[in-house]
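*Asks:* Quick one: sequence and predicted model below, then my questions.
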Amino acid sequence: MRTTVTLDPDVEQLLRDSMERRRLSFKEALNQAIRHGLSNLAGPAPEETPFLVRARGVGLRAGIDSGRLNQMADELEVEGFDELSRTLSRPLGHSPTHKRK
């Protein structure tokens, strides 16, 4: 395929250095560089690389079920939300902390 490509100055210098070191023509050096670069892209993309978790002991006392801690946190959050909702839905002047005379 014939095409016209505009190379950045740093890329041109890298290509010319490769041509000189390896005694290649411009076409050969360019084709090898593109082939090498694109073959490296054929592997898994960085976002597709598996995520590795290194587990560490959390130092809980015996008998504490760490799996239930999230459940307890969720229940506390729900209770707090319910209380806030009840407080906000009361008409003004009916706060449980301020009794009317």
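*Replies:* In hand now; what should we look at? These figures come from a predicted structure and were not determined experimentally.
*Asks:* for Leu7, what are its contacts?
*Replies:* If you count contacts by Cβ atoms under 8 Å, 6 or more residues apart in numbering, Leu7 has them with Leu15. C-beta here means a position set from N, CA and C on the backbone, and glycine is covered the same way.
*Asks:* Show the average pLDDT along the helix or strand hosting Glu79.
*Replies:* In the assignment (DSSP states H and E), Glu79 maps to helix 69-89. The pLDDT scores in helix 69-89 average 89.
*Asks:* what do you get for stretch 35-42?
*Replies:* 82.
*Asks:* Helices of the protein, start to end?
*Replies:* 9-22, 26-41, 69-89 (DSSP state H).
*Asks:* Of those helices, give the one that comes closest to Ala62.
*Replies:* helix 69-89 (14.9 Å; Cβ to Cβ).
*Asks:* helices and strands around the closest one, which ones?
*Replies:* Judged by 3 or more Cβ pairs under 8 Å, 6 or more residues apart in numbering; DSSP states H and E, helix 69-89 is in contact with no other helix or strand.
*Asks:* Okay, buried residues for that helix please.
*Replies:* Judged by neighbour count using 16 or more other Cβ atoms under 10 Å, helix 69-89 contains no buried positions.
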